[in-house]
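Undergrad: Sequence plus the predicted model coming up.
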Amino acid sequence: MKNTFGNNISVTLFGESHGEAIGAVLDGIPAGVEVDLEFIRKQLDLRRPVGKISTPRSEADKFQLVSGCFNGKTTGTPICIVIPNENTHSKDYSSSYGKARPGHADYTAFCKYNGCEDYRGGGHFSGRITAGLVAAGAIAIKMLDSKNIKIGTHILKCAGVFDDSFKNINDELDALNNKAFAVINDDKGKQMIENIEKAAAKGDSVGGILETVVTGLPVGVGEPWFDSLESVLSHGLFSIPAIKGVEFGQGFNCADMLGSEMNDSFKLDNGEIVTETNNNGGINGGISNGMPLVIKCAVKPTPSISKEQNTVDFINNENTVLSVKGRHDPCIVHRARVVADSVVAITLCDVLSQKFGTDWFGED
């Protein structure tokens with residue numbers, strides 16, 4: 001099982017949902033990068049459950065940096081982040097073992113690992129593992145911030161309700177990054193939350209769309225063909241368990257546009273080359289063009305629902321009916337937003353290091 005992503009700068013994930021601990025190892029980070037422990041805590045808090053629209057399972061996420069940092073800065077060696085699991089109810093899963101929860105990896109994991117997988121709470125396939133990504137991503141976000149590269153995500157759509165579009169991007173990014181429920185229009189956010197609670201009351205769940213924007217990315221980052229900026233970002237984002245679609249700029253909307261509508265015309269603005277529109281989402285030919293990077297991710301409804309569903313008991317080889325027990329989110333879109341930020345940040349640190357070298361991040 002391969003659990004490492006990235007080339008010059010890489011992240012490795014470890015642990016299981018109900019194991020002793022989860023975490024991540026960041027490798028390739030140069031020496032001298034400041035590590036902001038309070039910011040890591042803030043990012044982990046953004047991933048934590050929020051009231052009735054989240055799971056009752058609430059972990060403290062008391063992370064430890066057990067290597068790679070000294071006196072508040074990176075040492076250049078691998079950074080190991082450990083996050084203990086403290087609030088597990090493993091008995092919730094003992095009676096359902098062998099019954100394939102629809103939308104989950106129970107059956108595929110059993111087939112791949114010959115029944116040796118830790119099935120409790122989804123084991124290594126659980127969204128719980130994203131806490132390690134968020135902790136590692138917090139370091140990457142600060143590295144990008146030191147180069148005036150900003151990242152932020154809002155809930156573009158959830159439970160049938162659309163948020164407003166970006167207008168004053170940098171100001172809105174700052175505001176979004178401090179919200180537990182990241183929307184531009186708070187009234188739209190309230191409508192989303194009401195609809196999530198209605199679905200939860202019926203034993204069901206909802207999904208949505210996240211829109212991530214990156215500003216300040218230099219021109220010329222990325223490669224043509226197989227390592228295009230879209231390719232590597234999609235690779236990372238599709239690793240988030242609930243992501244089922246990724247698009248850049250206008251994405252699938254371009255199928256209904258004319259070339260004259262889709263093309264981004266270039267112009268000089270105070271001596272800087274920019275485009276009049278940003279339908280391509282800041283990328284041409286797999287390479288950044290200096291405009292804001294715009295990415296949308298489709299997040300599926302949480303598969304764990306209390307409604308009865310038909311399934312198969314793959315241990316006894318028989319049809320059965322399953323109602324998922326335990327503590328689950330009626331929606332994970334608002335929690336996945338900081339995971340998307342983290343994956344984008346880690347990926348961009350990697351591709352930027354390929355262009356400028358890893359030591360670039362350690363330079364003032």
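TA: Received the coordinates, thanks. Being a predicted model, the structure only gives us computed values, none of them experimental. Numbering: from 1, shown residues only.
Undergrad: alpha carbons only for contacts and neighbour counts from here, please
TA: Noted.
Undergrad: pLDDT-wise, which helix or strand of this protein ranks last?
TA: helix 91-94 (a mean of 62; mean pLDDT, DSSP states H and E).
Undergrad: Ile273 is in contact with Ser265, isn't it?
TA: No. Counting by C-alpha atoms under 8 Å, Ile273 does not reach Ser265; the two are 10.4 Å apart.
Undergrad: C-terminal to the least confident helix or strand of the chain, what's the next element?
TA: With elements assigned by DSSP states H and E, the helix or strand that comes after helix 91-94 is helix 106-112.
Undergrad: And the average pLDDT for that next one is what?
TA: The average pLDDT within helix 106-112 is 92.
Undergrad: do stretch 285-299 as well
TA: Stretch 285-299 comes out at a mean pLDDT of 98.
Undergrad: SS state for the closest residue to Val66 other than its chain neighbours?
TA: Excluding the flanking residues, the one nearest Val66 by C-alpha to C-alpha, 6 or more residues apart in numbering is Cys80, at 5.6 Å. Of the three states, Cys80 takes strand under DSSP: H, G, I helix; E, B strand; the rest coil.
Undergrad: Contacts only, for Cys80.
TA: Gly23, Ala24, Val25, Leu26, Leu65, Val66, Ser67, Gly68 (C-alpha atoms under 8 Å, 6 or more residues apart in numbering).
Undergrad: Reformat the residues you listed as JSON lines; add pLDDT, neighbour count and secondary structure.
TA: Converted to JSON lines, the contacts of Cys80 look like this (pLDDT from 0 to 100; neighbours: other C-alpha atoms under 10 Å; DSSP: H, G, I helix; E, B strand; the rest coil):
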{"residue": "Gly23", "pLDDT": "96", "neighbour count": "26", "secondary structure": "strand"}
{"residue": "Ala24", "pLDDT": "98", "neighbour count": "27", "secondary structure": "strand"}
{"residue": "Val25", "pLDDT": "98", "neighbour count": "22", "secondary structure": "strand"}
{"residue": "Leu26", "pLDDT": "98", "neighbour count": "26", "secondary structure": "strand"}
{"residue": "Leu65", "pLDDT": "97", "neighbour count": "17", "secondary structure": "strand"}
{"residue": "Val66", "pLDDT": "97", "neighbour count": "12", "secondary structure": "strand"}
{"residue": "Ser67", "pLDDT": "98", "neighbour count": "15", "secondary structure": "strand"}
{"residue": "Gly68", "pLDDT": "98", "neighbour count": "20", "secondary structure": "coil"}
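Undergrad: right, and out of those, which lies closest to Arg47?
TA: Closest to Arg47 out of the contacts of Cys80 is Gly23 (14.4 Å), distances taken as C-alpha to C-alpha.
Undergrad: picking that back up, any idea how far the residue nearest to Val66 is from Leu13?
TA: Look at Cys80 and Leu13: by C-alpha to C-alpha, to the nearest Å, they are 10 Å apart.
Undergrad: longest helix anywhere in this protein?
TA: helix 333-356 (DSSP state H).
Undergrad: Using CSV, write out every CA atom in that one.
TA: Taking C-alpha atoms only, helix 333-356 is exported to CSV below (Å, rounded to 0.1, in the frame of the first residue of the first chain):
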residue,chain,number,x,y,z
VAL,A,333,-18.2,19.6,2.9
HIS,A,334,-17.5,22.2,5.6
ARG,A,335,-14.8,20.0,7.2
ALA,A,336,-13.3,19.0,3.8
ARG,A,337,-12.6,22.6,2.9
VAL,A,338,-9.4,22.9,5.0
VAL,A,339,-8.3,19.5,3.7
ALA,A,340,-8.5,20.8,0.2
ASP,A,341,-6.5,23.8,1.2
SER,A,342,-3.9,21.6,2.7
VAL,A,343,-3.5,19.2,-0.3
VAL,A,344,-3.3,22.2,-2.7
ALA,A,345,-0.6,23.8,-0.5
ILE,A,346,1.5,20.6,-0.2
THR,A,347,1.2,20.0,-4.0
LEU,A,348,2.2,23.6,-4.8
CYS,A,349,5.2,23.4,-2.5
ASP,A,350,6.4,20.4,-4.3
VAL,A,351,6.0,21.8,-7.8
LEU,A,352,7.5,25.1,-6.8
SER,A,353,10.5,23.3,-5.4
GLN,A,354,10.9,21.6,-8.7
LYS,A,355,11.2,25.0,-10.4
PHE,A,356,13.1,27.0,-7.8
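Undergrad: And the strands in the stretch 151-300 of the chain?
TA: Assigned by DSSP state E, counting those that start in this stretch, the strands in the stretch 151-300 of the chain fall at 161-162, 208-215, 243-248, 266-269, 272-275, 283-284, 287-288, 293-299.
Undergrad: Among the ones you listed, which comes closest to Val344?
TA: strand 208-215 (8.7 Å).
Undergrad: What helices and strands are in contact with the closest one?
TA: Judged by 3 or more C-alpha pairs under 8 Å, 6 or more residues apart in numbering; DSSP states H and E, the packing partners of strand 208-215 are strand 150-158, strand 293-299, helix 333-356.
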